[in-house]
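Engineer: Provided below are the primary sequence and the corresponding predicted coordinates.
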Amino acid sequence: MAGKKSHGGQPDWQDLKQRFLRMLRDLKNAILQLFSLSSRRTVAPRSIEQIADECSRQVDSLILENERSKNLKFVSGKFRILWGSQEFNTVLELYYQTHEGKWLKQTKKSAMPVESLTVESKKVLEEKKELTYPIEPPSVR
């Protein structure tokens, strides 16, 4: 596909520039579409309780692993779910002590689309803005 020639047989730089810019725009749109398709999850909406329960199981494993591998003692923690209009955030805060008595805090944050919540859970979280759950030491040591 040859570009237009200007007078004198030289390439029409304006035409080449416009074609190049169109190609970049088309490429950008294709990439954006690909990312938006891959970011959509087909997971069924879950309740706040289901999310907290899933987190609880994962947190127990994390605590036990940190106690074993880093020789720490878990003391307490909290799991928070925070409202946002497009997405909601989960924040996990875990508090440990070393054998020397030094305190350590571990924080993990993640964001999830609001669409992944059930209608009832969206209403509750939107109204309260933040839900906090205490984290107890795992029962299996």
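Structural biologist: Sure, I can see it.
Engineer: Mind jotting down where the strands sit in this protein?
Structural biologist: Taking DSSP state E as the test, the strands found in the chain are 73-82, 87-97, 103-113, 130-135.
Engineer: any chance of those in TSV, plus mean pLDDT, distance to Ser56 and mean neighbour count?
Structural biologist: C-beta here means a position set from N, CA and C on the backbone, and glycine is covered the same way. Shown next, in TSV, are the strands of the chain (pLDDT from 0 to 100; distance: least, Cβ to Cβ, whole Å; neighbours: other Cβ atoms under 10 Å):
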stretch	mean pLDDT	distance to Ser56	mean neighbour count
strand 73-82	94	8	17
strand 87-97	93	10	17
strand 103-113	92	14	12
strand 130-135	93	8	14
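Engineer: Any chance of CSV for those, columns distance to Gln14?
Structural biologist: CSV is the format used below for the strands of the chain (distance: least, Cβ to Cβ, whole Å):
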stretch, distance to Gln14
strand 73-82, 51
strand 87-97, 44
strand 103-113, 43
strand 130-135, 56
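Engineer: what about Val114, distance to Phe74?
Structural biologist: Separation of Val114 from Phe74 (Cβ to Cβ, to the nearest Å) stands at 31 Å.
Engineer: re earlier: quick one, which of the strands of the chain is nearest to Arg19?
Structural biologist: strand 103-113 (37.5 Å; Cβ to Cβ).
Engineer: How about the spatially most central residue of the chain: what's its closest non-neighbour residue?
Structural biologist: Against the mean C-alpha coordinate of the chain, by Cα atoms, centre = their mean, the closest residue is Ala111 at 3.6 Å. Among residues not flanking Ala111 along the chain, Glu87 sits closest, at 4.7 Å (Cβ to Cβ, 6 or more residues apart in numbering).
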